[in-house]
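Asker: Kindly generate the corresponding structure for this input.
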Amino acid sequence: MKKIIAVLIGVLFSATLSIAADDLFSKIDKNKDGKISEKEYVDAVAATFNKYDLNKNGVLSKEEIKSIEKIESEKFIKDVDSNNDGKIDKQEFIGAAVNKFLQMDKNKDNYINKKEWN
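Answerer: Coordinates of the predicted model:
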């Protein structure tokens, strides 16, 4: 995705990744209205958390975070781990995503449009 999902998951580097980003935008935009609401974004982030929580214990360990492509695990933990336990729980993960959503929502209309996404 673009930056969070530097907190979450994807980073756009080239035209090829831009196409992938458009595809991801379409997948997150569940109601197909051409914009992503905070709820759609958080739902996608929660699903991402669940995907990488391999042992289903409700937290992402350093090892689980290392399995996420394009994420520098040490920096990610430092930036997101608000209780400093060395792991990322779902609340911390979603909180970071909400912050990223608010950063991406440049026009502050509570939606991310394709221009803001790219």
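
Asker: Now do stretch 59-66: everything it contacts.
Answerer: Counting contacts by CB atoms under 8 Å, 6 or more residues apart in numbering, the residues outside stretch 59-66 that touch it are 49, 52-55, 71, 73, 76-77, 86-90, 93. From N, CA and C alone the C-beta is placed, and that goes for glycine too.

Asker: from the residues you listed, which single one is nearest Leu102?
Answerer: Nearest to Leu102 among the contacts of stretch 59-66 is Phe93, at 15.5 Å by CB to CB.

Asker: count of neighbours near the closest one?
Answerer: When counting by other CB atoms under 10 Å, one arrives at 24 neighbours for Phe93.

Asker: Tell me the helix or strand right after the host helix or strand of Glu63.
Answerer: Under the criterion of DSSP states H and E, Glu63 resides in helix 62-66. Taking DSSP H and E as the definition, the helix or strand that follows helix 62-66 towards the C-terminus is helix 73-80.

Asker: so where do the strands sit in the chain?
Answerer: Along the chain, the segments classed as strands by DSSP state E run 35-37, 59-60, 88-89, 111-113.

Asker: per-residue confidence for the residue located most distally from the centre of the chain?
Answerer: What lies farthest from the middle of the chain is Asp85; by CA atoms, centre = their mean that is 20.7 Å. Among the per-residue scores, Asp85 shows a pLDDT of 95.

Asker: which residues of this protein score low on pLDDT?
Answerer: Filtered on pLDDT under 70, the chain yields the residue ranges 1-21.

Asker: so where do the helices sit in it?
Answerer: Under the criterion DSSP state H, helices of the chain are mapped to 15-28, 38-52, 62-66, 73-80, 90-104, 114-117.

Asker: Could you report the neighbour count for Lys56?
Answerer: Residues lying near Lys56 (other CB under 10 Å) number 6.

Asker: gap between it and Glu64?
Answerer: 11 Å (CB to CB, to the nearest Å).

Asker: repeat for Gly86
Answerer: Separation of Gly86 from Glu64 (CB to CB) stands at 12 Å.

Asker: Thank you kindly, that will do.
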